[in-house]
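[1] quick one: sequence plus predicted model below, questions after.
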Amino acid sequence: MSTQSTAGFDDPGTTDHPSRSDGFVRGASELIGGPLGDHAVALDRPAGRDGRFWTAARIVLALVCLTLALHWVQKSPCQDGAWQNNSQYTRMCYTDVLALYYAEGLNEGKVPYVDHPVEYPVLTGYFMGALGLPVHALGADDPGINQGQWFYNLNALVLSALAVATVAVILNLRRRRPWDAALFALSPALLLTATVNWDLLAVGLAAFGLLAWARTGSSRTLRIRLPGRWLPRRWRERAGRFSFGLSIGMLLAALAGVLLGLGGAAKLWPLFILGPILALAVRAGRVWTAILSVLTAAVTVVAVNLPVAIPYRNNWGRFFELNTTRPIDWGTLWYIGRYLDGRINPSSPGDLGPFEWLNAHIPTLNWVSYLLFGLACLGVAALALFAPRRPRLGQLAFLVVAAFLIFSKVWSQQFVLWLLPLAVLARPRWGAFLAWQLAEVGYFVAFYGELLGTATSRPVFPEGVFVLAATFRLVTVVVLCGFVIRDILRPERDAVRDTYADDPDGGVLDGAEDAAWLRRLRHRPTPHPTEPLPA
């Protein structure tokens, strides 16, 4: 059970205020009179106390609603689907949600996977069909409606609800640090990419999975008594004495696995969070709880996939086929390398630079990408086991997902949404976060310039500008990873541990001591300076 006290969650004396604790925010606050005073601090009190409605949590929830409303406005020029003269690129309002309503045959009533192969994991396909087929049926009864626009707006409503729910989860995980959630709520990347694709479905499921895991520290037991009223009379007395208990913590661990499995069935990356959970559980000696989450996640993924994978194998396999055969995509580390191939070391005609060669040999590119990601995961596992203090789950989850994006051959513009909640949980510092968001905005603009140039065969700007924007994005993510690693190696610099005793996301791991084997390893006698170090 967690050793962390829950007392004072709503006490302003224990609540973090970025204008006092964050150097960047403290400096910026001087423009409006300096750090928060006592009157503003009262915002952190519960609603109803002192007659105040606008608590910190409610302000943050209102801010994310405002961001999502502005996103809807930004995408509004494309909602009617009448994309002429490349307006979807010149106005930077393109969205897969609307384009794929027609490309995937939903406008014709085709059932995903049954009638048409889908390039996404199955839960995303189910989601598309669950919203798209009713819209098609409505359009069949009323030909006057714009089906694409209805489909987009329905998706925008559901995805926005998931974004608000994600903020609510962050607020729940950070009750002493409610303003951390404002990083997500005010994110420029959220404003620009929220409904470019269906990534917020996986984000919401992963957030709820993390919340379920964070509650696994509960020591309560659910008692279940066998009902006897329907049994024969001679068995009733014996049945009334029979009961058994289920650990609430273990039930929540299973729920966390189910939710992360559902997230992985929508987009693959939520499954990566199970690795840090398992590594941290090994260090804390709580392996069985983590294994339960891993097993339920695996069962969930299989259960969601089987109804499609067995009868419609070819259509189901489109996602795997596309990702296996796909060449180097725009904006990735490999794309930057291809650009540099001909600039740093020009080759003779017909010769290929190393990155261009990889692009011509996709299977090798795949294995190199997998190998680099695997090595990064081993590094994260080493941090989990041998850092001076057990890292927080949010820190390791961010590092694993970031490593996947850094070494992946595909890094679409909306993939930034994967990192947003994890960055908030890993390192809620405004300075580096805003630098990263500035890089994402720059990449967003450069990406649409590249799209427009490709569509018109007239470059909007030199290719080097797009590569520079992609490099800036890559570098800022790497820098964020560096800051997170530094906080792990020097936990006294961890902003979250300034407020919490250990790991508010850790659940059964929160406040747990290291496993006995690791304590024995760390408590070996230090050799005398004149003695040789142990091998």
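    Ah, there it is. The structure presented is a predicted model; accordingly, all values stated were derived computationally and were not measured.

[2] lowest average confidence, helix or strand, in this structure?
    helix 38-41 (a mean of 54; mean pLDDT, DSSP states H and E).

[3] show me the contacts for Leu260.
    Counting by CB atoms under 8 Å, 6 or more residues apart in numbering, Leu260 touches 205-206, 209, 270-271, 273-274, 293, 297. (Glycine included, C-beta is placed from N, CA and C.)

[4] quick check: the spatially most central residue of the chain vs Ala182, distance?
    For the chain, the residue nearest the mean C-alpha position is Trp418 (3.3 Å; CA atoms, centre = their mean). Using CB to CB, to the nearest Å, one obtains 19 Å as the distance from Trp418 to Ala182.

[5] how about Pro112?
    Taken as CB to CB, the span from Pro112 to Ala182 is 37 Å.

[6] neighbour count: the two, which is higher?
    Pro112 (26 against 21; other CB atoms under 10 Å).

[7] isn't that one up against Gly125?
    Yes - when contacts are counted by CB atoms under 8 Å, Pro112 is listed as touching Gly125 (3.9 Å).

[8] what's the overlap in contacts for these two?
    Counting by CB under 8 Å, 6+ apart, the shared contacts of Pro112 and Gly125 are Val118.

[9] angles on the backbone of His116, please.
    Taking degrees, to the nearest 10, you get phi -160, psi 130 for the backbone angles of His116.

[10] and it, how many residues sit next to it?
    His116: 18 surrounding residues under other CB under 10 Å.

[11] contacts only, for it.
    104-105, 110, 315.

[12] so which of these is the most crowded?
    Ranked by the number of neighbours (other CB under 10 Å), those place Glu104 first, at 22 neighbours.

[13] if I look at the closest residue to Cys65 other than its chain neighbours, how far off is Ala185?
    Among residues not flanking Cys65 along the chain, Val164 sits closest, at 6.5 Å (CB to CB, 6 or more residues apart in numbering). The gap separating Val164 from Ala185 is 9 Å, by CB to CB.

[14] these two: which is more packed in?
    Ala185 (26 against 16).

[15] apart from its neighbours in sequence, what residue is nearest the more buried one?
    That would be Val64: by CB to CB, 6+ apart, it lies 3.7 Å from Ala185.

[16] any idea which helix or strand carries the one you found?
    In the assignment (DSSP states H and E), Val64 maps to helix 56-75.

[17] what residues sit buried inside that helix?
    For helix 56-75, the neighbour count (16 or more other CB atoms under 10 Å) marks 56-57, 60-61, 63-64, 67-68, 71-72, 74-75 as buried.

[18] stretch 79-88 too?
    So, applying 16+ other CB under 10 Å, buried residues of stretch 79-88: 79, 81, 83, 88.

[19] re the thing from before, what is in contact with Val164 and Ala185 at once?
    With CB under 8 Å, 6+ apart, Val164 and Ala185 have common neighbours 61, 64.

[20] let me see the contact set for Val400.
    272-273, 275-276, 376-377, 380.

[21] how about stretch 397-407: buried residues?
    397-407.

[22] also stretch 84-102?
    88-90, 92-101.

[23] equivalent analysis for stretch 474-481, please.
    474, 476-477, 480-481.

[24] stretch 275-287 too?
    275-286.

[25] show me the contact partners of that stretch.
    Contact with stretch 275-287 is made by 213, 289-291, 293-294, 377, 380-381, 384-385, 390-391, 393, 396-397, 399-400, 506, 508-509, 512-516, 518, as judged by CB under 8 Å, 6+ apart.

[26] which members of the residues you listed occur in strands, if any?
    Judged by DSSP state E, the subset of those located in strands is empty.

[27] neighbours of Leu192, how many?
    24.

[28] so it is in which element?
    Assigned by DSSP H and E, Leu192 falls in helix 188-193.

[29] what about that helix, distance to the chain center?
    14 Å (CA atoms, centre = their mean, to the nearest Å).

[30] average model confidence for that helix?
    On average, the pLDDT along helix 188-193 is 97.

[31] that one packs against which elements?
    Judged by 3 or more CB pairs under 8 Å, 6 or more residues apart in numbering; DSSP states H and E, the packing partners of helix 188-193 are helix 56-75, helix 416-426, helix 430-456.

[32] closest one to Leu358 among those helices?
    helix 430-456 (20.9 Å; CB to CB).

[33] next SSE after the closest one?
    helix 463-489.

[34] tilt between that next one and helix 430-456?
    On the basis of axes from the mean of the first three to the mean of the last three CA atoms, to 10 degrees, helix 463-489 is oriented at 150 degrees to helix 430-456.

[35] flag every buried residue along helix 463-489.
    Under the neighbour-count criterion of 16+ other CB under 10 Å, helix 463-489 has 465-474, 476-477, 480-481, 483-485, 487-488 buried.

[36] return the distance of that helix from the chain's centre.
    For helix 463-489, the distance to the chain centre is 17 Å (CA atoms, centre = their mean).

[37] repeat for stretch 136-154
    Here stretch 136-154 is found 31 Å from its chain centre; the criterion is CA atoms, centre = their mean.

[38] the residue nearest to the centre of the chain: what's it in contact with?
    Contacts of Trp418 (CB under 8 Å, 6+ apart): 199, 202-203, 267, 269, 401, 405.

[39] switch to 6 Å and redo it
    The contact partners of Trp418, taken as CB atoms under 6 Å, 6 or more residues apart in numbering, are 269, 401.

[40] try Trp150
    So Trp150 contacts Val135 (CB under 6 Å, 6+ apart).

[41] which among the contacts of His116 gets closest to Arg338?
    Glu104 (30.1 Å).

[42] sorry, back to before: distance of the residue nearest to Cys65 relative to Thr471?
    33 Å.

[43] ok, now Gly263?
    Computed with CB to CB, the distance linking Gly263 and Thr471 is 30 Å.

[44] might one say that Ala156 is in contact with Thr195?
    Yes - counting by CB atoms under 6 Å, Ala156 sits close enough to Thr195 to count as a contact (4.9 Å).

[45] these two - which one has more neighbours?
    Thr195 (26 against 21).

[46] pull out the buried residues from stretch 382-394.
    Quick answer for stretch 382-394 (16+ other CB under 10 Å): 383-385, 387, 390-394.
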